[in-house]
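Undergrad: sequence? don't have it. structure:
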């Protein structure tokens, strides 16, 4: 059996659901706010957890190399202590991300978390043994800890790359949007501050009208693909109904996580009362010779929003 097949068995194991449910309820007791957004990676633009784990993994790998040579007890011990301390914020960030994922991701994630925590405990025991002068035990525990951390890393990679945990679920929509201007319908069809789903080619978008302004964003939430058209609008922002990610409609930026990647905002144009959109990488306002879908557009078209 391939290793990937074994991991996919974990994905399908509903027996883990009571455990994940209990752990999820504990993590979700953490208040949402700026600290949680920082640990999610809102300011960074992608999940913080993969960045934070570099420090403990790097420290422990370096300590393992030093353990192979004589006269390196003190620097190896210092690196192990550093790794144990740095693992704490990394685990906190990972737990917050995990609590807002899909069931299959959480099943693999709980095994990933247990493996990582076992690794941290083994390295903590290694540090204690070394501080007490038991270098042989310290090295053995360190090697065992590195093995557990390796298992955790493999499972984490599966979550990220096979199960799309942490990737933007809307970025590909930007590239799939067709060229040119496309009608979405009369302005009067869109109620005030009410998200409406429309299609541009094969890509779903969400349309929100506020007074005489209209904003159009890719509909799939960048976090896990939730339908923003079922979300709520307030204070110039739209909030996903699945996990509460909030985006500023003017530029698509993330206001609150767990999402970290922004939404794509399409350029909009209102001509003769009809809303039209195009991809944001076509430049700014249309010139007099730009082809747009309504007659006399050069005389009446006014851009109402752009990314």
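TA: Structure received. All values reported here derive from a predicted model rather than from experimental measurement.

Undergrad: list the buried ones in stretch 40-49?
TA: Counting neighbours by 16 or more other Cβ atoms under 10 Å, one finds that the buried residues in stretch 40-49 are 40, 41, 42, 47, 48, 49. In short, each C-beta sits where N, CA and C put it, glycine included.

Undergrad: show me these that map onto helices.
TA: 40, 49 (DSSP state H).

Undergrad: what's the farthest-apart pair in the buried residues of stretch 40-49?
TA: Greatest spacing in those, by Cβ to Cβ: 42 and 49 (12.8 Å).

Undergrad: packing partners for the host helix or strand of residue 97?
TA: Using DSSP states H and E, residue 97 sits in helix 73-98. Helices and strands in packing contact with helix 73-98 are listed as helix 17-27, helix 34-40, helix 49-52, helix 54-67, helix 103-131, helix 135-157; criterion 3 or more Cβ pairs under 8 Å, 6 or more residues apart in numbering; DSSP states H and E.

Undergrad: out of those, flag the one nearest residue 187.
TA: helix 34-40 (34.5 Å).

Undergrad: what's the weakest-modelled helix or strand in this protein?
TA: helix 297-300 (a mean of 34; mean pLDDT, DSSP states H and E).

Undergrad: residues near the residue nearest to residue 72 when sequence neighbours are not counted, how many?
TA: Nearest residue to residue 72 in three dimensions, chain neighbours excluded: residue 66, at 3.9 Å (Cβ to Cβ, 6 or more residues apart in numbering). Look at residue 66: counted by other Cβ atoms under 10 Å, it has 18 neighbours.

Undergrad: so who does residue 66 touch?
TA: Contact partners of residue 66, counting by Cβ atoms under 8 Å, 6 or more residues apart in numbering, are 72, 75, 76, 79.

Undergrad: ok, the closest residue to residue 57 other than its chain neighbours - contacts?
TA: Once flanking residues are discounted, residue 57 sits nearest to residue 149: 6.4 Å by Cβ to Cβ, 6+ apart. Residues near residue 149 by Cβ under 8 Å, 6+ apart: 56, 57, 60, 115, 116, 119.

Undergrad: if I look at residue 149, how far off is residue 50?
TA: Separation of residue 149 from residue 50 (Cβ to Cβ, to the nearest Å): 14 Å.

Undergrad: check residue 271 too.
TA: 45 Å.

Undergrad: make JSON lines out of the contacts of residue 149 and add pLDDT, distance to residue 193 and neighbour count.
TA: What follows is the contacts of residue 149, written out as JSON lines (pLDDT from 0 to 100; distance: Cβ to Cβ, whole Å; neighbours: other Cβ atoms under 10 Å):
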{"residue": "56", "pLDDT": "97", "distance to residue 193": "46", "neighbour count": "26"}
{"residue": "57", "pLDDT": "97", "distance to residue 193": "46", "neighbour count": "20"}
{"residue": "60", "pLDDT": "97", "distance to residue 193": "51", "neighbour count": "26"}
{"residue": "115", "pLDDT": "98", "distance to residue 193": "46", "neighbour count": "20"}
{"residue": "116", "pLDDT": "97", "distance to residue 193": "43", "neighbour count": "23"}
{"residue": "119", "pLDDT": "97", "distance to residue 193": "49", "neighbour count": "25"}
